[in-house]
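Participant: Here you go, sequence then predicted model.
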Amino acid sequence: MTLSLLPTELLNHVAIFVPPHELHRVGQLNRRCRYSSHFLSLATRPSFASRNLKYHILVQRVIHPYQLTHIPFTRLGVHYITVLVEVFGFTSKTLSILHPNNVNTINWLHLPYFYTPSVTWSDIMPDIFPDPTATLISHSLQLIFTNAATASIQLNTTKHDPLLILLWSAHAGNTNLARCAIPAVVSKNATTPVELMYHFRSAFFFAYHSNSADMMQIVLDSGYVEVEEYAGQALAESALLGLVESVRYLLGRRELEWVVDEGLKEAVGVAVLWARQNRRNEVLAVLEGAKRRGVVMY
């Protein structure tokens, strides 16, 4: 019996046993098969994605995410990425196989412990990760950590890397998840105040790039970032990128003396210049308003 003669319910059941990376090929050998696109559309269903990928992991005896580099997760969609993270955790290893620059040259050996990824720590940062994969990964985090209480428990396990979750949630503006990740980062990821300072400095960088005042406040409330130290850079970059809410938030911080501190005064000048050069009119309007109120001078 050909696929075109199978009833839809039975076809859906059969599709579960098709390897994820072969879904798009179904029907190619039989051009009359009207279910070629149907198989791939099943990937958009959370229940099917979960059963299909977990069956593949079981049959192939996958014990390491590096054994799944042949699966086109970005093409299959957010639900396959969600299952991947649920099974193996949100870690650098999981993110590395989602990066398009990653090439597993010895996948045919099925020896994951001898595998060396071709991406580095900086390659799996949310601002470097290419779209649409970055958007899909951020969405998968929202799907997995939907409940704050559950998220707090999950983040304190060994499966997930809370620092990576903090950085990705800060970049996506996911305030609820960031609040849950911060205590886990403090208790799990760092052993010295210096390490924490570096971690939260990175989180602040992603926070103002998210253009979310609430996210910036959450990171600063951790107590590990001095806003005076990074405000100038944050203002200038936010103006360059047209991040209106970030500019407005920074200018509203009372402890920042934009008209007194020489470094901050210089940053304001750079912010105005970059905003004008890149036609960030909304940012210029915020800066002009701050100038009229005496908050800045240029």
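Facilitator: That came through, no problem.

Participant: Let me know the pLDDT of residue 277.
Facilitator: On the pLDDT scale, residue 277 is placed at 97.

Participant: all helices of the stretch 151-298 of the chain, in order?
Facilitator: 162-172, 175-184, 193-209, 213-221, 227-241, 244-251, 262-277, 281-292 (DSSP state H, counting those that start in this stretch).

Participant: Of all those helices, which one comes closest to residue 98?
Facilitator: helix 162-172 (11.8 Å; C-beta to C-beta). For every residue, glycine as well, the C-beta is placed using N, CA and C.

Participant: what does the closest one contact?
Facilitator: Here helix 162-172 makes contact (C-beta atoms under 8 Å, 6 or more residues apart in numbering) with 90-92, 95, 124-127, 137-138, 141-142, 145, 155-156, 174-175, 177-178, 181-182, 184-185, 188-189, 199, 202-204, 206-207, 209-210, 215, 219.

Participant: And these, which of them are buried?
Facilitator: Neighbour counting by 16 or more other C-beta atoms under 10 Å classes 90-91, 95, 124-126, 137-138, 141, 145, 155, 174-175, 177-178, 181-182, 184-185, 188-189, 199, 202-204, 206-207, 209-210, 215, 219 among the contacts of helix 162-172 as buried.

Participant: picking up where we left off before, can you add distance to residue 23 and give the helices of the stretch 151-298 of the chain back as JSON lines?
Facilitator: Shown next, in JSON lines, are the helices of the stretch 151-298 of the chain (distance: least, C-beta to C-beta, whole Å):
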{"stretch": "helix 162-172", "distance to residue 23": "27"}
{"stretch": "helix 175-184", "distance to residue 23": "30"}
{"stretch": "helix 193-209", "distance to residue 23": "34"}
{"stretch": "helix 213-221", "distance to residue 23": "37"}
{"stretch": "helix 227-241", "distance to residue 23": "38"}
{"stretch": "helix 244-251", "distance to residue 23": "41"}
{"stretch": "helix 262-277", "distance to residue 23": "46"}
{"stretch": "helix 281-292", "distance to residue 23": "44"}
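
Participant: Let me know the pLDDT of the residue lying closest to residue 216 once chain neighbours are set aside.
Facilitator: Of all residues not flanking residue 216 in the chain, residue 207 sits nearest, at 4.6 Å (C-beta to C-beta, 6 or more residues apart in numbering). At residue 207, the predicted lDDT confidence score is 97.

Participant: What residues does residue 207 make contact with?
Facilitator: Contact partners of residue 207, counting by C-beta under 8 Å, 6+ apart, are 170, 215-216, 218-219.

Participant: Repeat that for residue 62.
Facilitator: Residue 62 sits next to 56, 68 when contact means C-beta under 8 Å, 6+ apart.

Participant: Let me know the secondary structure of it.
Facilitator: Following DSSP: H, G, I helix; E, B strand; the rest coil, residue 62 is assigned to coil.

Participant: What are the phi and psi values at it?
Facilitator: Main-chain torsions, residue 62, degrees, to the nearest 10: phi -80, psi 120.

Participant: before we move on, the earlier item: just so I know, which of the helices of the stretch 151-298 of the chain lies nearest residue 78?
Facilitator: Nearest of these to residue 78, taken as C-beta to C-beta: helix 162-172 at 13.0 Å.

Participant: relative to helix 175-184, how tilted is that closest one?
Facilitator: 150 degrees (axes from the mean of the first three to the mean of the last three C-alpha atoms, to 10 degrees).

Participant: from memory residue 201 sits against residue 230, does it?
Facilitator: Yes: between residue 201 and residue 230 a contact is recorded at 6.9 Å, counting by C-beta atoms under 8 Å.
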